[in-house]
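Asker: here is the input, now give the coordinates:
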Amino acid sequence: MKNRSVFTAFCLMIFLSACSAKHEGIIMTVNGPIPAREMGATLVHEHILVDFIGADSITEQRWDKSKVAEIVLPYLRKVKELGCQTFIECTPAYLGRDPLLLRSISESSGLNILTNTGYYGAINNKYVPGFAFNETVDQIASRWTEEWENGIEGTGIKPGFIKIGVASGNLSDLHKKLVKAAALTHLKTGLTIASHTGPATPAFEELEILQNEGVAPEAFIWVHAQVEKDLSTHIKAAMMGAWISLDGINDDNLEDYVLMLKKMKENNLLNKVILSHDAGWYHPGEENGGEYRGYTTLFEKLLPLLRKEKFSEKEINQLLVSNPAKAFTIRVRGI
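Answerer: Presented below is the predicted three-dimensional model:
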């Protein structure tokens, strides 16, 4: 495994040098780097496996990788048939992140898959590891940077972005620390920060912290922005440069998404919007992984509605292809 990690690091260095020479952005998948132009249509916020048992109890022994793959692969192959090429898996550490499982599923499905580094502080900090409560910003950022530099937990698989999570109100001291650690990690790695956020209040507090730490809003994805019903806040954040992730698409809320997208279009801000379902996922401990929700609604139902509302193919391509490539390109975006 060590030799593989060294070889992977060497190949990454060569790849990054070649991309730099061409001024071309890269995306880090679980199978290694790819040019950003090869991402294609992308689902920016989905899950394959999530284990809600808690950071103090979780272990990979709670699931069988082959059983998970057997259940999940038909859903991934279906969305690939519909045109999806890249799948961003947002399950963080201590909630069921499994890089080796994701690499196996990526190879079997033909999809590019990204995983992440970072900690999820939402839901009363149940999924934050105990040591993080007492560690400093620098210590936490060092752990996340280590995963970028040397791979996750000895696998050699590198994160493609930073995933954190905060509560829906004003930021607690712990959540401020997570945001600051994400800022420091971004400045060291160029990885984009995707934060489970929801309402506008914590979103703008996060943006303020990031800017104070020297990170531009372009490095920040406001995850679950659709939770905030005051659409003027989407416009404000997008005008600052942040990415607006409308990522809860399902059969019952399509008209809401059409409305939000029309509002962003009216303000010439479609270039800051990304889309997804927040769907899946296999639940360890439940029979056959519990109820699994697929990833096809965007392609089968939302896109036809957008075309009916006179969204052009260029605008749809921007939402599904161009914007995700820009959002997840590895690049330090400082102030």
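Asker: in this structure Val258 contacts Arg307, no?
Answerer: No. Val258 is beyond contact range of Arg307, at 10.9 Å (criterion: CB atoms under 8 Å). Yep, even glycine has a C-beta here, placed from its N, CA and C like the rest.
Asker: who has more neighbours, these two?
Answerer: Val258 (16 against 13; other CB atoms under 10 Å).
Asker: just the element for that one, please.
Answerer: Taking DSSP states H and E as the criterion, the element that holds Val258 is helix 254-266.
Asker: in its sheet, what does the helix or strand that that helix is followed by sit against?
Answerer: Proceeding C-terminally, helix 254-266 gives way to strand 273-275 as the next helix or strand, assigned by DSSP H and E. Partners of strand 273-275 in the sheet, by DSSP bridges, are strand 243-246 (parallel).
Asker: if I look at the residue nearest the centre of the chain, how far off is Thr192?
Answerer: With distances taken as CA atoms, centre = their mean, Cys90 lies nearest the centre of the chain, 4.7 Å away. Relative to Thr192, Cys90 is positioned 12 Å away (criterion: CB to CB, to the nearest Å).
Asker: what's the overlap in contacts for those two?
Answerer: Common contacts of Cys90 and Thr192 (CB atoms under 8 Å, 6 or more residues apart in numbering): none found.
Asker: what about stretch 308-315, start to end distance?
Answerer: Start-to-end span of stretch 308-315 (CA to CA, to the nearest Å) is 13 Å.
Asker: which parts of that stretch are buried?
Answerer: For stretch 308-315, a neighbour-count test (16 or more other CB atoms under 10 Å) marks Phe311, Glu315 as buried.
Asker: which residues touch that stretch?
Answerer: Stretch 308-315 is contacted by residues Val258, Leu261, Lys262, Lys265, Leu270, Leu306 when judged by CB under 8 Å, 6+ apart.
Asker: and the strands in the stretch 101-250 of the chain?
Answerer: Along the stretch 101-250 of the chain, counting by DSSP state E, counting those that start in this stretch, strands occupy 112-114, 116-117, 161-165, 193-196, 220-223, 243-246.
Asker: and the helices in the stretch 1-150 of the chain, which stretches?
Answerer: 2-21, 65-81, 99-109, 137-150 (DSSP state H, counting those that start in this stretch).
Asker: flag the shaky bits of the chain, pLDDT-wise.
Answerer: 1-23 (pLDDT under 70).
Asker: correct me, but Val137 touches Ala181?
Answerer: Yes. Applying CB under 8 Å as the test, Val137 and Ala181 come out as touching, 5.0 Å apart.
Asker: the more surrounded of these two?
Answerer: The residue with more neighbours, out of Val137 and Ala181, is Ala181; 27 against 18, by other CB under 10 Å.
Asker: from Val332, how far out is the more buried one?
Answerer: 16 Å.
Asker: and Leu275, by the same measure?
Answerer: From Leu275 to Val332 the distance is 26 Å (CB to CB).
Asker: how many other residues sit next to the nearest residue to Gly289 once chain neighbours are set aside?
Answerer: Among residues not flanking Gly289 along the chain, Tyr282 sits closest, at 3.7 Å (CB to CB, 6 or more residues apart in numbering). Neighbour count of Tyr282, defined by other CB under 10 Å: 22.
Asker: before we move on, back to that, spatially, which two of the contacts of stretch 308-315 are the most separated?
Answerer: Largest separation among the contacts of stretch 308-315 by CB to CB: Val258 and Leu270, giving 12.8 Å.
Asker: which residues does the residue nearest to Gly289 contact?
Answerer: Counting by CB under 8 Å, 6+ apart, Tyr282 has contacts Ile48, Leu49, Val50, Trp63, Val68, Ile71, Val72, Gly289, Gly290, Tyr292.
Asker: that older thread, tally up the residues packed near the closest residue in space to the residue nearest to the centre of the chain that isn't next to it in sequence, please.
Answerer: Residue nearest to Cys90 in three dimensions, not counting chain neighbours: His45, with 5.1 Å by CB to CB, 6+ apart. When neighbours are counted by other CB under 10 Å, His45 registers 25.
Asker: hang on, isn't His45 packed against Val223?
Answerer: Yes. Taking contacts as CB under 8 Å, His45 lies within contact range of Val223: 6.3 Å.
Asker: overlap in contacts of the two?
Answerer: Here His45 and Val223 share the contacting residues Cys90, Ala194, Ser245, Asp247, scored by CB under 8 Å, 6+ apart.
Asker: beta partners for the third one?
Answerer: Read that as Ser245. The residues that Ser245 bridges to, once DSSP bridges is applied, are Ile274.
Asker: use 46 as the first number for this chain going forward.
Answerer: All set: I'll call the first residue 46, so the last point we hit is now Ser290.
Asker: give me the number of residues near it?
Answerer: 28.
Asker: swap in the second one?
Answerer: For Ala239, the number of neighbouring residues by other CB under 10 Å comes to 30.
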